[in-house]
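Engineer: okay, predicted coordinates and the sequence, questions at the end:
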Amino acid sequence: MTVHAGHEIVESARVLDVARLRKDFPILERTIHGKPLVYLDNAATTQKPLSVVEAEKSFYLTLNSNIHRGVHSLSEEATAAYEMVRETVRNFIGAAKTQEIIFVKGTTEGINLVAHSYGLKNIRNGDEILITGLEHHSNIVPWQILCERTGAVLKVIPLQDDGSISIDDATRLMSGRTKLLAIAHISNALGTVNPVKSIIRTAHEHNIPVLIDGAQAVAHRKVDVKDLDADFYVFSGHKMYGPTGIGVLYGKEDLLEGMPPYQGGGDMIKSVSFEKTVYNDLPYKFEAGTPNIAGVIGLGAAVNYLQGIDASALEAHETELLEFATTSLEQIDGIRIIGTAREKAGVLSFITKNVHPHDVGTIMDRDGIAVRTGHHCAQPVMDRFRIPATVRASLGMYNTKQEIDRMVESVRKVFEVFG
């Protein structure tokens, strides 16, 4: 099986210096059960480079203060550092304005914000919301809740046998009743890379706004929201070598301007009286209360770290690893790979004949190898393939072919243990 990154195999004159990168991640020097750690659970959360850890530490040691509300030096310096990250993120994803960058807890909160604020205002009884059979629960449940509240109908673009979706199927399901399309850029469960640019273009021809779940994309490829023409794009810091508890919602300015606040409280207001509250301007209208300031600072450090790496070399490295891992596992009798789409990125899900994934994961852990087992918050995907769970190895910039060899050897051991 040949694995492609996006729409073509990536070639780069530069080669990623993985040995140097690994020095930035001290946790990779750990041993688990007496064996060197092989961390292959990057789709769940990535490890953090020292620069991210130090950025958060430095905030608390030298800058700790609330933002936007103080005239003293610490508050002004903390505010400047916080807002500088907004500009860093704007540049990172190619947004037009910092007003379009909303800091949220993560992808999940970003999707819920759009569902609650945009959805409740614009979606009515009989309208349709379109998603795909690939989605993470975070891009399913908020829309189900919205449908329950409004009487809208949730429609699903079916999943093909190889784990991809068809643009023809997507187009067929679009109609005048479709008021929103929500789709993952890359599947967390299968690694399928969806043709989001083409799908967005088709949706816009039908006057359908599009939300992209980019949680699995921003750490693995260059994302340009203007080039994609995405209406909303959401992602999490902790899946892109940044802190937990912080993420970003990008939205086109005109859409955000027309949306009511998601939460009420401090900082999202201009003035409050018992008779009337005047809401703040973008982006603060959607950032009620004291934010995760240290998390934002850490997110900025993670973006800076990623921008210091050649994006083409990174994509080529991870594509080469995925192809190597896929070929190696396919040589083992009793292995079935789930998700064989032509365009994949960084995720290899598989099952082992007559051995439950949880047992596989437990044995691999004894070998020092961290993989994820279960339904990966994508139960409809598992139902589509009539399986309860998979073993998921997900790749990051610091992984190596030697680690893949260790993973494959551990999988062989599973068959020895279970006969």
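Structural biologist: Sure thing, it's come through.

Engineer: next, give phi and psi for the nearest residue to residue 144 once chain neighbours are set aside.
Structural biologist: Of all residues not flanking residue 144 in the chain, residue 154 sits nearest, at 6.1 Å (CB to CB, 6 or more residues apart in numbering). (Glycine included, C-beta is placed from N, CA and C.) Torsion angles at residue 154 (phi, psi; degrees, to the nearest 10) stand at phi -90, psi 120.

Engineer: now the strands: where do they sit in the stretch 51-200 of the chain?
Structural biologist: With DSSP state E, counting those that start in this stretch as the definition, the stretch 51-200 of the chain shows strands at residue ranges 101-104, 128-132, 153-157, 178-184.

Engineer: which one of those lies nearest to residue 345?
Structural biologist: Closest approach to residue 345 among the strands of the stretch 51-200 of the chain (CB to CB): strand 178-184, 11.3 Å.

Engineer: and that closest one, what does it pack against?
Structural biologist: strand 128-132, helix 196-205, strand 210-213 (3 or more CB pairs under 8 Å, 6 or more residues apart in numbering; DSSP states H and E).

Engineer: for residue 104, find the nearest of the ones you listed.
Structural biologist: Closest approach to residue 104 among the helices and strands packed on strand 178-184 (CB to CB): strand 210-213, 12.9 Å.

Engineer: who does that closest one pair up with?
Structural biologist: strand 178-184 (parallel), strand 232-236 (parallel) (DSSP bridges).

Engineer: most packed of those strands?
Structural biologist: Comparing the strands paired with strand 210-213 by mean neighbour count (mean count of other CB atoms under 10 Å), strand 232-236 comes out on top with a mean of 28.

Engineer: turn the strands paired with strand 210-213 into TSV, including distance to residue 330 and mean pLDDT.
Structural biologist: Formatted as TSV, the strands paired with strand 210-213 follow (distance: least, CB to CB, whole Å; pLDDT from 0 to 100):
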stretch	distance to residue 330	mean pLDDT
strand 178-184	25	98
strand 232-236	31	98
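
Engineer: in TSV, list these along with distance to residue 391.
Structural biologist: Shown next, in TSV, are these (distance: least, CB to CB, whole Å):
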stretch	distance to residue 391
strand 178-184	20
strand 232-236	23
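
Engineer: leaving out chain neighbours, which residue sits closest to the most centrally placed residue in the chain?
Structural biologist: Per CA atoms, centre = their mean, the C-alpha nearest to the average position across the chain is that of residue 215, at 0.9 Å. Leaving aside its sequence neighbours, residue 215 sits nearest to residue 107 (CB to CB, 6+ apart; 4.3 Å).

Engineer: name all residues that make contact with that neighbour.
Structural biologist: Counting by CB atoms under 8 Å, 6 or more residues apart in numbering, residue 107 touches 138, 213-215, 234-236, 247.

Engineer: what do you get if the cut-off is 10 Å, keeping everything else the same?
Structural biologist: Taking CB atoms under 10 Å, 6 or more residues apart in numbering, we find residue 107 in contact with 136, 138-139, 184, 188, 213-216, 234-239, 247-249.

Engineer: what about it, distance to residue 234?
Structural biologist: 5 Å (CB to CB, to the nearest Å).

Engineer: can you list residues touching both of the two?
Structural biologist: 138-139, 213-215, 247-249.

Engineer: including distance to residue 90, could these go into JSON lines?
Structural biologist: Below are the shared contacts of residue 107 and residue 234 laid out as JSON lines (distance: CB to CB, whole Å):
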{"residue": "138", "distance to residue 90": "24"}
{"residue": "139", "distance to residue 90": "23"}
{"residue": "213", "distance to residue 90": "20"}
{"residue": "214", "distance to residue 90": "15"}
{"residue": "215", "distance to residue 90": "19"}
{"residue": "247", "distance to residue 90": "15"}
{"residue": "248", "distance to residue 90": "10"}
{"residue": "249", "distance to residue 90": "13"}
